[in-house]
Structures are given as structure tokens and as C-alpha cells.
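Visitor: got a structure for you, letters missing:
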């Protein structure tokens, strides 16, 4: 009966998602995360948003698109519940938000709040919904930093020594899939499932479906990563790859990591040493905080109740 109910929900939502405008939808509650609800309109908005920030999403079948949108919203609701438990207000100042959107939506050349609002209105999306998504992400990152800043391990002298060693260093253009296994799953079986998806579709679509990293909604894209911010283990695994290949699962804090090498380049170390050290410390800090974020999320989601309607 439960499987049949899920099937009906899926068919219902996929039917609704075929309509071009959100106001065509009959808004119904589909899921409840503790006391937070997820409606048909929420699913529609999330799907529309994911299609905007990741063109690859448009090629995904409706059934998978629904699943990805649902999972994305559930993760967001779980984070929101924890943020509200610790921080009363879900908001950030306009000045801070204005600076954030320049980075978040760089490819769309959005430079101000008014441009941000006009852009999403033109896509039939409520800018306030998108603003809340970004605000939650910022507040979540602040929460993780406060909880784990004492656990950060950055060796500044080691960074300086590495930078002084050679005239050039490698930079890797990579994408990631971060995944977990529960007590009923087998690592090899889970990896084979993901690997089959990579081969059948592509890495980006597999990341959308299987990755638990915050990069999942963008197809796992990490961009160019300097060898100086990589752990020795990950650096050694990447060195084994040819362009287009991906690693086997690598055990990291928060789960297992699959990395795809998209491109590789050698860059000159013609830079201001102090400035470069600051950049690398910042990148290493963000990298470690991302891992702590996954660890903390895995911990708190165990206490959350998710109901389907």
C-alpha cells in the first residue's frame, strides 16, 4: 500500500510538473519534515530553480527530477529546523546579500538585488523563495563554523614550504560525488550503482542523483583546485587519472568521495607569497568545513521524522 501511495504521488507530481506555470498547480502537502511541510508548489519551484542553475538538470527524466527536487528540499528543511533551533531569525542584511548574489549567480551577471529579483521573476519564480534558500545556506555555514572552528587543522608553515618547492604547481578541474552507506548497504554495491549511472548517463547526472554534497545541485562541479589544498591521498589518486576518468571511492570525513578529472594544467608560481598563503588557508578551511557540514548533517537527520501524504 505504501509503495502504491508513493507511485500515485510521483505520477501526480510528474503530471503537474508538465505545466509551464506554477499558478497552474493545485498546491497540496506532499511531505512533512517534523513540522515543516513540503508542497506541490515547493517541488515545482525547486525543479525550476535546479534547471536554472544546472543545465544538465533539464535532461533528467521527470521521475528522477522529482526525486532530486524532493531530496534537495528535505535536506534544506532539516537544515532550517536546526538553524531555527539555534538561531531565531532566518535573515541576513541587504548589504551582505547583495555581495553574495554577485558570487552565487556570476554566470548570469546579476550584480544587485533588483537585478536578482527581476531575473527570477522573469523565470516565474518568487525571488523571496530563492533569497531564503541562499540565506539558509549562509546561516548553515556560519553554524558549522562556530561548531567546528576549533577542529580545523591548517599548517601554515607546511603551505609556505610547499609553495617554495617548485616553480609550478598542478591545478585540477574536478567534479565530485560524495555518498554514504547505511548499515544495510554494501560499499561495492553502492559504488557499482553510482558507476552504472555515470556510464549510462554522465557524471553530472549521477552527482545530482547520488551526491550528498552541497555541490550536488550543480552536478558536483568543484572548479579548478590547486594541488596545494588537496590532501596527499586525494592528490595521489588524482595523479593516477587520465582526463575524463574518475576515482574509486575515497574514504573521507563524512562519507566516500568519487572525483572526476575534467582537465589538468600547470600554473606558474609567480605570485605574492603572503596573498597566496591566505588564499590556500581559506580554501583548505572551506574544504574542511564542507566535510564537517556533512558529518553534522548526518548526525542531526537521524532525529528528524519525515512523513508522506
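Guide: Looks like it arrived, so ask away. The model shown is predicted, which means the values in this text are computed figures rather than measured ones.

Visitor: can I see the domain layout of the chain?
Guide: Using automatic domain parsing, the domain parsing of the chain gives 2-148, 165-268.

Visitor: Would you work out how far apart the start and end of the last one are?
Guide: Going back to what we said before, that points to domain 165-268. Start-to-end span of domain 165-268 (CA to CA, to the nearest Å) is 12 Å.

Visitor: what's residue 113 in contact with, if anything?
Guide: 94, 97, 98, 101 (CB atoms under 8 Å, 6 or more residues apart in numbering). Every residue, glycine included, has its C-beta placed from N, CA and C.

Visitor: And the residue nearest the centre of this structure?
Guide: Note on the chain: the residue nearest the mean C-alpha position is residue 214, at 1.8 Å, using CA atoms, centre = their mean.

Visitor: State the phi and psi torsions of that one.
Guide: Taking degrees, to the nearest 10, you get phi -70, psi -10 for the backbone angles of residue 214.

Visitor: what does residue 168 give?
Guide: Residue 168 has phi and psi values of phi -130, psi 160 when expressed as degrees, to the nearest 10.

Visitor: rewinding a little: the domains of the chain into JSON lines, with extra columns for mean pLDDT and distance to residue 274?
Guide: Conversion of the domains of the chain to JSON lines gives the following (pLDDT from 0 to 100; distance: least, CB to CB, whole Å):
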{"stretch": "domain 2-148", "mean pLDDT": "84", "distance to residue 274": "23"}
{"stretch": "domain 165-268", "mean pLDDT": "91", "distance to residue 274": "14"}
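
Visitor: helix or strand right after the longest helix along the chain?
Guide: Counting by DSSP state H, the longest helix found in the chain is helix 273-301. Once the chain leaves helix 273-301, the next helix or strand it forms, by DSSP states H and E, is strand 306-308.

Visitor: partner strands of that next one, parallel or antiparallel?
Guide: Strand pairing for strand 306-308, using DSSP bridges, gives strand 29-33 (antiparallel).

Visitor: buried ones in the strand it pairs with?
Guide: 30, 31, 33 (16 or more other CB atoms under 10 Å).

Visitor: any chance of those in TSV, plus distance to residue 173?
Guide: Below are the buried residues of strand 29-33 laid out as TSV (distance: CB to CB, whole Å):
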residue	distance to residue 173
30	38
31	36
33	36
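
Visitor: contacts for stretch 225-232?
Guide: Everything outside stretch 225-232 that qualifies as a contact, by CB under 8 Å, 6+ apart, is 159, 162-163, 169-174, 235, 238, 267, 280, 283-284, 287.

Visitor: buried ones in the helix or strand harbouring residue 259?
Guide: Using DSSP H and E, residue 259 maps to strand 255-268. Judged by neighbour count using 16+ other CB under 10 Å, the buried positions of strand 255-268 are 255, 256, 257, 258, 259, 260, 261, 262, 264.

Visitor: what about residue 170, is that helix, strand or coil?
Guide: Secondary structure for residue 170, judged by DSSP: H, G, I helix; E, B strand; the rest coil, is strand.
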